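1. Have a look at this prediction, sequence included:
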Amino acid sequence: SNELHVNKKTPPTYLVHAEDDQGVKVQNMLHFATALQQHKVSFDFYLYEKGGHGFGLNNKTSDVKWMDLLEDWMKRNRWLDK
């Protein structure tokens, strides 16, 4: 379980998941996010309602582009030039 490996050296993390993912339950992502929060690791996430497992860069069930959200998050945190 990824959440067991989080520590103060874990890099900032952006998570993307779909609630209907049958391969990896959404609770796993939430446990990981909780561990990041407990270790004060910067993170954010986007949770799609649909998309299943392995939707890649484009979740065809939504108009939301998670890569755009990731880019905005990186810019807000000054890890990427504006």
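-> That came through fine. Numbering: from 1, shown residues only.
2. those strands in this protein, which residues are they?
-> With DSSP state E as the criterion, the chain has strands at 13-18, 43-48.
3. And for L36, nearest residue in space, chain neighbours not counted?
-> F43 (4.3 Å; C-beta to C-beta, 6 or more residues apart in numbering). No exception for glycine: its C-beta is placed from N, CA and C like everyone else's.
4. Equivalent analysis for L47, please.
-> H17 (5.6 Å).
5. Report how many residues lie close to the residue nearest to G23 when sequence neighbours are not counted.
-> Leaving aside its sequence neighbours, G23 sits nearest to H53 (C-beta to C-beta, 6+ apart; 3.5 Å). Number of residues near H53 (other C-beta atoms under 10 Å) recorded here: 11.
6. Please apply the same query to L47.
-> 15.
7. how much space between it and V16?
-> Distance of L47 to V16, given as C-beta to C-beta, to the nearest Å: 8 Å.
8. H39 too?
-> Remark: distance between H39 and V16 (C-beta to C-beta) = 20 Å.
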